[in-house]
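**Student:** Need coordinates for the below:
(one chain, ligands or ions: 1)
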Amino acid sequence: MTFEAVTLDMATLDFPMVAEIAALRGARLCSWVDTGTEALAGIVGKPTERVRARLTKTVGVKDLQAADDEDLRECLRVLRTWLSDPASYTPPAPKPKVQRPEGIGQLPVPRTVKQAHTETTCGLCADPVKAGDLVGRMRDPKDRQFTPMGWLCTHCLYERREKPRRRDVVLRIFHHLFASSAAGLNAHECDVLRTWLTETEVPTASTAWREDPLDTTLVRLETSVTEGKGTTWIAVTTAHTIITALQDAPGSSEAETALLRAVAQHLDEWKTNPRGIEARRYGTGPRYRAEVLKTTDRPTLLSERGGPFDLHHTPPPATESGDTVGSTG
Ligand SMILES: [Zn+2]
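**Tutor:** I've put the predicted structure just below:
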């Protein structure tokens, strides 16, 4: 009897759907987390405190005070799963052990990883994530000019610098330009970019290339690959040329072309400032670009995710103490 009565209350709770969760922020998120936690506590017959503790452990945050909007959204996705199937209210599965790539393709250890409770999309590459897939979050960037990334797919958490896809290289260029920086690519990324630029003659024949030839850049990409370099810097203007020159490359997939077009659109909006964002308030750097991106008339997967993101650099090779090889002194 009691169980039925509580379930009836749940039906009237009107808990947000997965798509609605994505649009919630701040206080509204907190309030739904409280509502959902209390409702679930009633259903499973446990103290609210216990449900809350299991929730934060499942999501991988110390407590709700430490949770940002992305963590709170995951709390709601977990609560939604538990509410719609109370039998799934079980202790979190043990954290999976993932072998990270070593060397120049390695990314830092994520802050938290878990199995996705619902379908979602990657907070960096926007690929669909199925329930049960491994997702996780990186630690908050030390440099405050960067925005924390949301929940990332397994590829973006571990493999994007070791086995980069073309889209990974484009995303890297985009976030570097966003942060007013040259684009730093490792040898694997240089290899992908070099192949893309040279597999057909279309990029070479483009107006962008004729006006700003990339021949020297190709040589530098080649050297990076041969020497297995950790970082090769591509200047801002060269990065712009690369994005434009690849727009019509026939070997690109639909997703690759769509991403290139989105980057080109935002680069153009940063230049033309269509909504008249005030330099007085936002300056001319990343804060200005973030505002232009946020207020675009034509939202893209990039504007939906924001930024700029710190996509990590290969640290310089560690030299053992007393080792003078390679010293410039
Ligand atoms: Zn991803």
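
**Student:** so for stretch 214-229, what's the average pLDDT?
**Tutor:** Average pLDDT, stretch 214-229: 98.

**Student:** Buried residues, that stretch. List them.
**Tutor:** For stretch 214-229, the neighbour count (16 or more other Cβ atoms under 10 Å) marks Leu214, Thr217, Leu218, Arg220, Leu221, Ser224, Val225, Lys229 as buried. (Glycine included, C-beta is placed from N, CA and C.)

**Student:** Cross those against helices and list the overlap.
**Tutor:** Within these, residues falling in helices by DSSP state H are Thr217, Leu218, Arg220, Leu221, Ser224, Val225.

**Student:** ok, now how distant is the closest residue to the last one other than its chain neighbours from Leu40?
**Tutor:** Just to be clear, that refers to Val225. Excluding its sequence neighbours, the residue lying closest to Val225 (Cβ to Cβ, 6 or more residues apart in numbering) is Asp191, at 4.7 Å. Counting by Cβ to Cβ, to the nearest Å, the gap from Asp191 to Leu40 is 49 Å.

**Student:** if you count what's nearby, which of those two comes out ahead?
**Tutor:** Shown here are Asp191 and Leu40; by other Cβ atoms under 10 Å, Leu40 has more neighbours (24 against 18).

**Student:** Asp85 is in contact with that one, correct?
**Tutor:** No: between Leu40 and Asp85 there is no contact, the gap being 11.2 Å when judged by Cβ atoms under 8 Å.

**Student:** Show me the common contact partners of these two, please.
**Tutor:** Shared contacts of Leu40 and Asp85 (Cβ atoms under 8 Å, 6 or more residues apart in numbering): none.

**Student:** Just checking, which helix or strand of this protein averages the lowest pLDDT?
**Tutor:** Lowest by mean pLDDT, DSSP states H and E among the helices and strands of the chain is helix 2-13, with a mean of 51.

**Student:** And the next helix-or-strand element following that one, what's buried?
**Tutor:** With elements assigned by DSSP states H and E, the helix or strand that comes after helix 2-13 is helix 18-23. For helix 18-23, a neighbour-count test (16+ other Cβ under 10 Å) marks Val18, Ile21, Ala22 as buried.

**Student:** Touching stretch 160-169 from outside, list them.
**Tutor:** With Cβ under 8 Å, 6+ apart as the test, stretch 160-169 has contacts from 101, 104-107, 124-125, 155-156, 185-186, 188-189, 192-193, 196, 252-253, 255-256, 259, 311-312, 314.

**Student:** Revised request: answer the last question for stretch 19-28.
**Tutor:** Outside stretch 19-28, the residues that touch it by Cβ under 8 Å, 6+ apart are Pro16, Trp32, Asp69, Arg73, Leu76, Arg77, Arg80.

**Student:** Quick one: buried ones out of the residues you listed?
**Tutor:** Pro16, Trp32, Arg73, Leu76, Arg77, Arg80.

**Student:** between those residues, which is closest to Gln265?
**Tutor:** Here the nearest of the buried ones among the contacts of stretch 19-28 to Gln265, counting by Cβ to Cβ, is Arg73; it sits at 26.4 Å.

**Student:** So the closest one: helix, strand or coil?
**Tutor:** helix (DSSP: H, G, I helix; E, B strand; the rest coil).

**Student:** So for it, what's the pLDDT?
**Tutor:** With respect to pLDDT, Arg73 scores 97.

**Student:** Settle this for me: it is touching Leu29, isn't it.
**Tutor:** Yes: applying Cβ under 8 Å as the test, Arg73 and Leu29 come out as touching, 6.6 Å apart.

**Student:** Brilliant, that's me finished.
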